[in-house]
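Participant: pasting a predicted model and its sequence here:
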Amino acid sequence: MRLGDVDRRGELRLDAVARYLQDVATDDAIDAGLSNAMGWLVRRTLIRIDDPARLNERVTLTTFCTGSGRSWAERRTVVRGGDGAAIDAVSLWVQIDVATGRPARLTDDFAAVYGAAAGGRVVSSKLVLPKSPPADVRRDPWHYRATDVDPFGHVNNAAQWALLEQLLADGDHARTGTGEVEFVGPSDVDGTIAVDRTDGAFTAWFDSGAGVATVLRWTR
């Protein structure tokens, strides 16, 4: 765990965890020799932190496929640290045609590499978090950075966890719990956020001008 990935308490930030998940998934797809290794977009991710990783701790990431659908696949990642870090994550990745950006069916080479691990388990691409905030929740401006935009022209999935990270810091929440992010649509840099807080939890919606693009939830 390096200095640029931890918060003021020295604990690994959620956006850094999401970037690790993204990087290890990409490395795995390339190592597997998939014909469309770079053609994946995240639909949803859940990160559960039982014990956060800390500055200078060495961690190991183990990733594997646990199900698939027509154009998507579920990937789980286990993060364990030498000093006790325990983080588990599951993401739904959608296969896309990199030329058009549209969903593409999973290929035969995907089945050859990951079929045994998936074990025939079929997973749904349906989103489960509420897609719009309550009418009485206040909306405030929120701005991502130009450096958060990826080659597909929208805010990268890992960068969007920075919003949940900011809300954790504002409420001085402990970093033990479950974070969820669902991507309803592409996100632009500028927009508004609405946050609904309950005891020990909150749900946030990011609207980049064309409707809610991202829904985030933290549960203690």
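Facilitator: Yes, it's here. Everything numeric in this text was worked out from a predicted model, so none of it was measured. Numbers count the residues shown, from 1 in each chain.
Participant: so what's the residue nearest to the spatial centre of the chain up against?
Facilitator: The centre of the chain sits closest to Thr45, judged by CA atoms, centre = their mean, with a distance of 4.1 Å. Residues near Thr45 by CB atoms under 8 Å, 6 or more residues apart in numbering: 18, 21, 89-92, 157, 180-181. To be clear about C-beta, it is placed using only N, CA and C from the backbone, and glycine gets the same treatment.
Participant: which helix or strand lies directly C-terminal to whichever strand or helix holds it?
Facilitator: Assigned by DSSP states H and E, Thr45 belongs to strand 40-51. Using DSSP H and E, the next helix or strand after strand 40-51 towards the C-terminus is strand 59-68.
Participant: quick one: contacts for the closest residue to Asp7 other than its chain neighbours?
Facilitator: Counting by CB to CB, 6 or more residues apart in numbering, Asp7 lies nearest to Arg13, which is 5.4 Å off, once chain neighbours are set aside. Contacts for Arg13 (CB under 8 Å, 6+ apart) come out as 5-7, 161, 165.
Participant: Phe110: what secondary structure?
Facilitator: Following DSSP: H, G, I helix; E, B strand; the rest coil, we place Phe110 in the helix state.
Participant: burial check on the closest residue to Leu55 other than its chain neighbours, number of neighbours?
Facilitator: Excluding the flanking residues, the one nearest Leu55 by CB to CB, 6+ apart is Gly10, at 4.1 Å. Gly10 has 14 neighbours, counted by other CB atoms under 10 Å.
Participant: and the residue nearest to Arg54 when sequence neighbours are not counted, how far from Ala174?
Facilitator: Once flanking residues are discounted, Arg54 sits nearest to Gly10: 5.3 Å by CB to CB, 6+ apart. Counting by CB to CB, to the nearest Å, the gap between Gly10 and Ala174 amounts to 14 Å.
Participant: this completes my enquiry, with thanks.
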